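**Student:** Prediction below, plus the sequence it came from.
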Amino acid sequence: MSATRSLPDGVEKYAESPLFAAGKVPESLQKSHSTKEGTYARLVVTAGQVRYFLVGENTPVATIDVGDTFVILPMEEHFVQVTDDAEFYLEFCR
């Protein structure tokens, strides 16, 4: 189950996070957080699986598998859950 989202025209990458591996994913990503106004993030899964939840929802909006990406909207309060073998990084765009 994965929602399809794409970056708007004209939005470009300006930064990238380090690669996060299961067991080393910052707690802040696993609790409610959001990007800043005008900032999109593209979640890129390189191993395992990441589940993306909106705050207050019990069902993931998206399940992102290895090789897939998911666009996080500006100021959208969310959190992630990862499988034991997950690896992913974020590309920040505006």
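**Tutor:** Perfect, I can see it now.
**Student:** does the residue positioned nearest the centre of the chain sit in a helix, a strand or a coil?
**Tutor:** Centre of the chain computed as the mean C-alpha position; nearest residue by Cα atoms, centre = their mean is residue 43, 3.8 Å away. Judged by DSSP: H, G, I helix; E, B strand; the rest coil, the three-state class of residue 43 is strand.
**Student:** wait, what's in contact with it?
**Tutor:** If a contact means Cβ atoms under 8 Å, 6 or more residues apart in numbering, then residue 43 has 50, 52, 64, 69, 70, 71, 72, 80, 88, 89, 90 as its contacts. C-beta coordinates here come from the backbone N, C-alpha and C atoms, glycine included.
**Student:** what about stretch 25-44, average pLDDT?
**Tutor:** Across stretch 25-44, pLDDT averages out at 97.
**Student:** meant to ask about stretch 50-58, not that
**Tutor:** Mean predicted confidence for stretch 50-58 is 97.
**Student:** buried residues in it?
**Tutor:** Burial within stretch 50-58, assessed by neighbour count using 16 or more other Cβ atoms under 10 Å, is assigned to 50, 51, 52, 53.
**Student:** Which one of the residues you listed is nearest to residue 37?
**Tutor:** residue 52 (19.8 Å; Cβ to Cβ).
**Student:** Figure out the helix or strand that that closest one lives in.
**Tutor:** strand 49-54 (DSSP states H and E).
**Student:** Show me the strands in this structure, by range?
**Tutor:** Applying DSSP state E to the chain gives strands spanning 13-16, 20-21, 40-47, 49-54, 62-65, 69-72, 78-82, 87-93.
**Student:** right, and these - which one's nearest residue 34?
**Tutor:** The nearest among the strands of the chain, by Cβ to Cβ, is strand 78-82 at 6.8 Å.
**Student:** could you give the angle of that closest one to strand 40-47?
**Tutor:** Angle, strand 78-82 to strand 40-47, by axes from the mean of the first three to the mean of the last three Cα atoms, to 10 degrees: 10 degrees.
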